[in-house]
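*Asks:* What shape does this take:
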Amino acid sequence: METWTRDPGASGRSRRASLPTGALLIQGLFVLAGLAVTALGFRLFLDTHDEMHGYRTAPACATAAEPGADCNRYESGSVTARKNDGEYRLTVARETAPADTYYVDEDFYDDVQIGTNVRVTVFHARAAEISYRGHHGDNPQDPHLPALEVAALIAVGSSLTAHGLVRSRDSDAGLLSGPWIGVLAFAGGSTLLQMPLPLAVTLGVPLVGWIALIAILAAFA
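*Replies:* Below you'll find the model as predicted:
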């Protein structure tokens, strides 16, 4: 149990006595474990973002490139369906894979018909984009499942880190903060995973936000 002493120069305010070495060690282990789990969450977030948007900056594959290499393969596809319900979508079939649906803009939609041949960009065995006469259309992936996995790691890591840093060892504020940070991570991750943003923004915004939240918890919990 912690002891408190009166600081004669603090106008009646109390301050906590130094924690024993063993307690400090336990706190440090909580922080290290939390940082490790959080780092895994951010690593998964970056890997998922690269999987969804890496084709935008990837080079063309060489002839001898292995399947799954970080490069783009280009195949021919044929438009098999067009749909306009407020959003413009084209279904494109390839010889070697099932058809996929791509979101396009109005100009792209109006410039093709059923049977039009388009170029399909294949990245990591996934048909990621179609292009035709300067038009480009994406084959979107659902970001919610990977964002949920990221949020779970961030929540656990945040709980451990905050619990190791909060000033009162009798408080559960650190552990209880994890789920709330996880909810924010899920909402932010779901949004950022859909955006082809620069790495500095993709990583910088959530990282700065996480550090700020942990610092606030450590200072006031």
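
*Asks:* surely Leu165 meets Ala218?
*Replies:* Yes - proximity of Leu165 to Ala218 meets the contact threshold set by CB atoms under 8 Å, at 3.9 Å. Quick note: C-beta positions are derived from backbone N, CA and C, even for glycine.

*Asks:* These two: which is more packed in?
*Replies:* Leu165 (19 against 16; other CB atoms under 10 Å).

*Asks:* which of the residues in the lengthiest strand in the chain are buried?
*Replies:* The longest strand of the chain (DSSP state E) is strand 72-84. For strand 72-84, the neighbour count (16 or more other CB atoms under 10 Å) marks 72-73, 77-79, 82 as buried.

*Asks:* Quick check, central residue of this structure?
*Replies:* For the chain, the residue nearest the mean C-alpha position is Phe45 (3.3 Å; CA atoms, centre = their mean).

*Asks:* which residues touch that residue?
*Replies:* Each residue near Phe45 by CB atoms under 8 Å, 6 or more residues apart in numbering is listed here: 146, 150, 189, 192-193, 203, 206.

*Asks:* ditto for Gly209
*Replies:* 184, 188.

*Asks:* and it, what element?
*Replies:* Per DSSP states H and E, Gly209 falls inside helix 199-220.

*Asks:* Check the offset of that helix from the chain's centre.
*Replies:* Between the centre of helix 199-220 and the centre of its chain there are 14 Å (CA atoms, centre = their mean, to the nearest Å).

*Asks:* Can you name the next helix or strand after the lowest-mean-pLDDT helix or strand in the chain?
*Replies:* Lowest by mean pLDDT, DSSP states H and E among the helices and strands of the chain is strand 14-16, with a mean of 40. Moving toward the C-terminus from strand 14-16, the next helix or strand (DSSP H and E) is helix 21-53.

*Asks:* now that following helix, how far from the centre of its chain.
*Replies:* Distance, centroid of helix 21-53 to centroid of chain: 14 Å (CA atoms, centre = their mean).

*Asks:* And the average pLDDT for it is what?
*Replies:* Mean pLDDT, computed over helix 21-53, is 90.

*Asks:* One more: stretch 153-161?
*Replies:* Rounded mean pLDDT across stretch 153-161 is 94.

*Asks:* can you pull the alpha-carbon coordinates of that stretch into CSV?
*Replies:* Output of stretch 153-161 as CSV, limited to C-alpha atoms (Å, rounded to 0.1, in the frame of the first residue of the first chain):
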residue,chain,number,x,y,z
LEU,A,153,-4.3,-4.6,-30.5
ILE,A,154,-4.3,-0.9,-29.8
ALA,A,155,-6.9,-1.3,-27.0
VAL,A,156,-4.9,-4.0,-25.2
GLY,A,157,-1.6,-2.1,-25.7
SER,A,158,-3.2,1.2,-24.5
SER,A,159,-4.6,-0.5,-21.4
LEU,A,160,-1.2,-1.9,-20.4
THR,A,161,0.7,1.2,-21.2
